[in-house]
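Asker: Here is a sequence together with a model predicted from it:
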Amino acid sequence: MTLMDIRVEDGYPTRIQGEPELLERHDPTVWGSAADGPIDSATLAGHDARGYSNVENLLSRVEVEAYWNDLIRLTGRPQLRGDERVITEPKSDEVRSIFDVHLLSDLVGELVRDPRVLDRARQILGSEVYIHQSRVNYMPGFEGTGFYWHSDFETWHAEDGMPAPRAVSCSIALTDNFAFNGGLMVIPGSHRTFVQCAGGTPRNNYKRSLKAQRAGVPSQDNVSKMAAEHGIEQFTGAAGDALFFDSNVLHGSGNNITPYMRSNIFLVFNSVENPLGQPFSAAEPRPTFIAGRDFTPLTR
């Protein structure tokens, strides 16, 4: 299946003129049940309530080393320098992210079909799934810059045409995540509220937003309201641990001024019942290396 021009009613208006509001989410967070996969009922209930769930030791140390070595080889490929899929740090030439990593790395291509990952994504979303986006993130020591608070779904809805927040992200740590090296922060429970953003979407916004997001960020007032209601938690853990989190949960990360790199594989699964259409708040869709439009279900 290829690009589809799907026009649906916009249930999550954003990039508006005027004061952004907090809208109640009207879609489930968890679409499957404990009988549908490896996640037990208590963990599913926690994921539903908080918007995320942790899996310790999803990958073994041996597997982490294999992925790490493979991805380091990717950064050394001369032909990838200058490739639009390779994003560098705003103030240096250090690699920040490589997109479409499941197509560039055979190992990651196998990982998206690994039952430890794929079966959890299917269970949470209650359907067959496809890859919306994949990347490897490198947050180098001393120079790694963070990301401001945002909801991924807000961007995927506005700029990619994702109708509903029926997508889940899997972040697998390749390095130890400490509280001090730019680890991911989340506002638990924020996934139940769609935080509108003000302003329009500049043309080719992705060229700037992948380095430093400006459009599609919530107001400080609304972030403060969400944090006051729900608090803030931070993902820490060993290399090989994974975090599955809802597409609409507010999250962000600070700069890494420590000597310790923080790196992860980031896989986004979208339900095949939630295919992309035309962007809701942008003039044209982003490139397919950012927002995949092959809705063929993943198989093992």
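Answerer: That came through, no problem.
Asker: In stretch 83-90, which residues are buried?
Answerer: Within stretch 83-90, the residues scored as buried using 16 or more other CB atoms under 10 Å are 85-87, 89. For every residue, glycine as well, the C-beta is placed using N, CA and C.
Asker: That should have said stretch 101-117, apologies.
Answerer: For stretch 101-117, the neighbour count (16+ other CB under 10 Å) marks 101-102, 104-105, 108, 111-112, 117 as buried.
Asker: try stretch 32-43
Answerer: Across stretch 32-43, burial judged by 16+ other CB under 10 Å covers 32, 36-37, 39, 43.
Asker: JSON lines for those, including secondary structure, pLDDT and distance to residue 246?
Answerer: Below are the buried residues of stretch 32-43 laid out as JSON lines (DSSP: H, G, I helix; E, B strand; the rest coil; pLDDT from 0 to 100; distance: CB to CB, whole Å):
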{"residue": "32", "secondary structure": "coil", "pLDDT": "98", "distance to residue 246": "14"}
{"residue": "36", "secondary structure": "helix", "pLDDT": "97", "distance to residue 246": "17"}
{"residue": "37", "secondary structure": "coil", "pLDDT": "97", "distance to residue 246": "16"}
{"residue": "39", "secondary structure": "coil", "pLDDT": "98", "distance to residue 246": "14"}
{"residue": "43", "secondary structure": "helix", "pLDDT": "98", "distance to residue 246": "14"}
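Asker: For residue 222, list the residues it contacts.
Answerer: Counting by CB atoms under 8 Å, 6 or more residues apart in numbering, residue 222 touches 20, 22, 195-196.
Asker: Of these, which belong to strands?
Answerer: 22, 195 (DSSP state E).
Asker: Run a quick neighbour tally on residue 235.
Answerer: Residue 235 has 21 neighbouring residues, counting by other CB atoms under 10 Å.
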